[in-house]
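Visitor: Here is the input, now give the coordinates:
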Amino acid sequence: MTRTRTDPDQAFPAMTEPILDGRHDFSLVLGGPIFQLFRKSHLSGHTLDLLHRRLLIITGVAWLPMLLLALLASTPGGGGRVSFFHDVEVHIRFLVALPILIGAELIVHRRVRPVVRRFVDRRIVLPQDMRRFDRAIDSAVRIRNSVPLEAGVLVVAYAVGLWLWNSRVSLNTATWYALPEGRWSLTPAGYWYVFVALPIVQFILLRWYFGLFIWFRFLGQVSRINLNLIPTILIAAPVSHSWARAPMHSVPSCLPRVPCSRAWLPAASFTEGRACCRSSCRSEASSPFSC
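Guide: Numbering: from 1, shown residues only. The predicted model follows:
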């Protein structure tokens with residue numbers, strides 16, 4: 001008489017196979033009017049690839065015309081004018097900060113998607129609460145893809161940028177972008193700096209704040225769901241016990257599931273903690289750390 005051995009993964013498929021579909025494939029940056037514009041202009045693929053193109057094109061559009069216009073407007077001797085190459089703030093903003101903001105979108109995209117899927121893979125969201133979880137994802141996707149909201153971010157970035165420029169202190173020294181006669185006495189490079197380059201940086205920065213708002217709103221909606229969370233119970237033990245010095249993966253698996261009345265057992269109550277563990281954990285005769 002032959003005995004068939006049952007694979008535990010096949011005996012309990014519902015506990016091992018992840019529940020994945022397109023509804024739970026959520027990304028903060030993989031959508032919206034700007035993403036669609038990048039795709040049509042071949043600056044991005046379906047998964048935010050072609051990052052080098054976006055870095056070169058966006059940074060080049062913002063910084064390179066200022067360089068060319070500043071070189072064309074420069075005169076021998078300079079007349080005491082602050083040179084474009086000596087303006088460290090401009091180079092840090094457009095050659096360091098702007099590429100970081102653009103490149104970080106790909107990092108966030110790769111990190112956020114598996115985080116959302118783990119709510120389903122690890123059964124943190126139970127099947128009876130899956131509709132509420134799907135509604136939270138759908139709500140976040142609608143806000144992310146909203147054309148009026150992203151257009152509003154662009155208008156705010158442009159208006160706030162011009163307002164901040166108008167409220168700044170007038171210069172007493174001629175620079176590569178402005179003359180000392182007033183705030184709007186701009187050079188050709190200054191017009192590009194104020195009306196094109198600065199709004200690009202401010203818009204990308206405000207899009208990050210907009211994405212953070214969507215993410216925290218999504219987490220707030222998920223927190224109101226009845227999540228399947230298993231609390232961990234800490235049991236203090238003398239160092240002489242072998243499993244107290246063992247790595248975390250060697251600690252008996254029953255410990256986080258101990259239905260003890262107290263969340264912390266002092267060292268004097270260690271015997272009580274083992275008795276509580278013995279009464280609740282499964283049979284683990286083959287384990288050296290069995291209760």
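
Visitor: What pLDDT does the model give the closest residue to residue 81 other than its chain neighbours?
Guide: Leaving aside its sequence neighbours, residue 81 sits nearest to residue 174 (Cβ to Cβ, 6 or more residues apart in numbering; 4.3 Å). Bear in mind the C-beta positions are built from the backbone N, C-alpha and C, glycine included. With respect to pLDDT, residue 174 scores 78.

Visitor: What ranges does this structure have for its strands?
Guide: Assigned by DSSP state E, the strands in the chain fall at 234-235, 264-265.

Visitor: Could you check how far residue 104 is from residue 92?
Guide: As judged by Cβ to Cβ, to the nearest Å, residue 104 and residue 92 stand 16 Å apart.

Visitor: can you check residue 219 too?
Guide: For residue 219, the distance to residue 92 - Cβ to Cβ - is 33 Å.

Visitor: Number of residues surrounding residue 101?
Guide: 15 (other Cβ atoms under 10 Å).

Visitor: Can you report phi and psi for residue 42?
Guide: Dihedral angles of residue 42 (phi, psi; degrees, to the nearest 10) stand at phi 60, psi 30.

Visitor: Could you list the low-pLDDT ranges of the stretch 151-291 of the chain?
Guide: 168-172, 181-183, 232-291 (pLDDT under 70).

Visitor: Pull the contacting residues for the residue nearest to residue 139 when sequence neighbours are not counted.
Guide: For residue 139, ignoring the flanking residues on the chain, the nearest one in space by Cβ to Cβ, 6+ apart is residue 221 at 6.9 Å. Neighbouring residues of residue 221 by Cβ atoms under 8 Å, 6 or more residues apart in numbering: 132, 135-136, 139.

Visitor: coming back round to it: I'd guessed the residue nearest to residue 81 sits against residue 83; true?
Guide: No: Residue 174 is not in contact with residue 83 according to Cβ atoms under 8 Å; the separation is 10.7 Å.

Visitor: So which of these two has more stuff around it?
Guide: residue 174 (17 against 11).

Visitor: Show the backbone phi and psi for that one.
Guide: phi -70, psi 140.

Visitor: distance of residue 54 from residue 32?
Guide: 14 Å.

Visitor: what does residue 68 give?
Guide: Distance from residue 68 to residue 32, by Cβ to Cβ: 32 Å.

Visitor: who's more crowded, those two?
Guide: residue 32 (22 against 12).

Visitor: residues touching residue 101, list them.
Guide: 201, 204-205, 208 are the contacts of residue 101 under Cβ under 8 Å, 6+ apart.

Visitor: Could you point out the longest helix of the protein?
Guide: helix 198-223 (DSSP state H).

Visitor: Pull out the buried residues from that helix.
Guide: Going by neighbour count (16 or more other Cβ atoms under 10 Å), the buried part of helix 198-223 is 198-204, 206-207, 210-211, 214-215, 218, 221-222.
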